[in-house]
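> The amino acid sequence is not available; the structure is as follows:
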C-alpha cells in the first residue's frame, strides 16, 4: 500500500463542474496527478464516496455528497482503466485479478492537514471493474455538541454516557450516522483513567486513546469471539460495532450488567422497536430490561444551503402536517406557530452544486430505560403499547424532532418527508 499526496484537506471552493475540468486537464499528464486531482477535489467537496462505473464506451464518475449520488463527469475508457490500475496498485490490490471483488485501502496525504484513509472496493461488472472509494476524512467527525441535538437531548446524552455501566444502543439503517454518534460518545468518554476498547467491522476512524480491533471473518475472529476477548482486557467502556447474532447480543448484555458501559448499534426502525429486535435474537426480556440505559434512533437530513435558501408562506397542507406533528409534543417543546407561517425552501447555487442543500444534521428519538420503563418492558408489551407508553412519558419522535428543525430553518419539510415518513 502506498499513499497519494493531495493539495488540500477540505473546505475548498471546488464545484463538480470545476472538478471535472481539472481532471480533464490532467488527461495527458501523469496518471498519479489525475488520481490526486480527483481525490483532492472529492475531499474538498466533502464527498463520502467516489463511484467510477464502466459503461460501453466510457466510464461515469459520481460522487456521494450529503448522502446523495451526483454525476460529476465521464472519462474515456482507456483513461479510466489506467486510473483504476493506479488506484488498485495504491490500495494493494492485485492488478491481474478482474473477475472477482477485491478490497483494499490507502491514505491521502493533504499538504495542509491530517492523513485521510480511503477504502477501495472493486466489483466485476458488464463493461469492466466498477470501483468505489470510501473517503474517511477525520475532519468530518463532529463532536457530540455538533450532532444537531436539541439542548435537552444533548444534556441527556452527556448524562447517560457518564454512567459506569449499562448499554446504549443506537439504531437506524445503513448511512444514518450511527457510527458518527458512537464515535462522538467515545471522544467524550475517553480519559487516561479509563480503558476504552472497540470491536468494529471495519475500523473507520482511528481514535487517540482507544484500543480498536477489527473483525476478520476469514480467521474466525467475529464480533462474538472478539467481544469475549475484550471482556478479558479489563475494559471500562466497550464499543461493539454491531450486534448481529444471539451470541454477540448475550455477551454484550452480560458485559453491561457486570460493570462495563457498552455502546452498540442494531438495525431497527425506531427506538421502541429495538426491544423487539433484541428479543428476536433470543435475548431474555429480563436481561434486556436490566441492561439497557438508553436507546437512540436516528436519521440524517440535509441542511438547506445558507447561501441560496428562500422563505415562502406555508401552504395549508404544510401547516396541517406541522400542526399534527407538534400536537404530540410535550408542552415545553411545542412552539406556537405564527398566523403567517413561513418555511425555508431549497433553491440551488454554485456553493451547493445546485442541490439547494449543504451538509447534514441528525434527527433523533431517544427512549430512556429508567425504573418505570424497565418495569413496563418486563411485561413484554407490544411495540405499539411500548410506543404509547414512551410518548406518554415525553419521548419525542424522530419526525417531530425533524419538524422542529424545519421550523428552525435548518432543513426543509420536503427533505424531512423524504428521509422520515410521518409516524
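Thanks, I have it. Fair warning: this is a prediction, and the values are worked out from it, not measured in the lab. Numbers count the residues shown, from 1 in each chain.
> List the contacts of stretch 380-394.
270-273, 275-276, 279, 285, 328, 330, 367, 372-373, 376-377, 397 (C-beta atoms under 8 Å, 6 or more residues apart in numbering). Any C-beta I mention is one placed from the backbone N, CA and C, and that applies to glycine too.
> for stretch 413-423, same thing?
Stretch 413-423 is contacted by residues 299-302, 304, 318, 321-322, 324-325, 343, 346, 357, 363, 397-400, 402-403, 405-406 when judged by C-beta under 8 Å, 6+ apart.
> State the phi and psi torsions of residue 405.
Main-chain dihedrals, residue 405, degrees, to the nearest 10: phi -70, psi -30.
> Can you get me a residue count around the closest residue to it other than its chain neighbours?
Spatial nearest neighbour of residue 405, excluding adjacent residues (C-beta to C-beta, 6 or more residues apart in numbering): residue 411 at 5.2 Å. A count of nearby residues for residue 411, using other C-beta atoms under 10 Å, gives 25.
> Report the secondary structure state of residue 199.
Secondary structure, DSSP: H, G, I helix; E, B strand; the rest coil: residue 199 is strand.
> Ok, the one 10 residues further on next?
Taken by three-state DSSP, the conformation at residue 209 corresponds to coil.
> OK, contacts around the nearest residue to it once chain neighbours are set aside?
Nearest non-adjacent residue to residue 209, counting by C-beta to C-beta, 6+ apart: residue 190, 4.5 Å away. Contact partners of residue 190, counting by C-beta under 8 Å, 6+ apart, are 196, 207-210, 237.
> thinking again about what came up before, need the contact list for the residue nearest to residue 405.
By C-beta under 8 Å, 6+ apart, the residues touching residue 411 are 301-304, 344, 357, 361, 402, 405.
> got these as a markdown table, with neighbour count, secondary structure and distance to residue 250 columns?
Putting these into a markdown table (neighbours: other C-beta atoms under 10 Å; DSSP: H, G, I helix; E, B strand; the rest coil; distance: C-beta to C-beta, whole Å) gives the following:
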| residue | neighbour count | secondary structure | distance to residue 250 |
| --- | --- | --- | --- |
| 301 | 27 | strand | 35 |
| 302 | 25 | strand | 38 |
| 303 | 23 | strand | 40 |
| 304 | 27 | strand | 44 |
| 344 | 22 | strand | 47 |
| 357 | 23 | strand | 42 |
| 361 | 18 | strand | 35 |
| 402 | 26 | helix | 35 |
| 405 | 23 | helix | 37 |
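> Closest one of those residues to residue 311?
Residue 311 lies nearest to residue 344 out of those, by C-beta to C-beta, at 6.0 Å.
> how much space is there between that closest one and residue 75?
From residue 344 over to residue 75 the distance is 37 Å, taken as C-beta to C-beta, to the nearest Å.
> List the contacts of the residue nearest to residue 310 when sequence neighbours are not counted.
Nearest non-adjacent residue to residue 310, counting by C-beta to C-beta, 6+ apart: residue 345, 5.0 Å away. Contact analysis of residue 345 by C-beta under 8 Å, 6+ apart lists 304, 309-312, 356, 412.
> make it 10 Å
Going by C-beta atoms under 10 Å, 6 or more residues apart in numbering, residue 345 touches 304, 308-312, 356, 412-414.
> Residue 69 now?
Contacts of residue 69 by C-beta under 10 Å, 6+ apart are 47, 49, 51, 62-63.
> Right, I'll leave it there.
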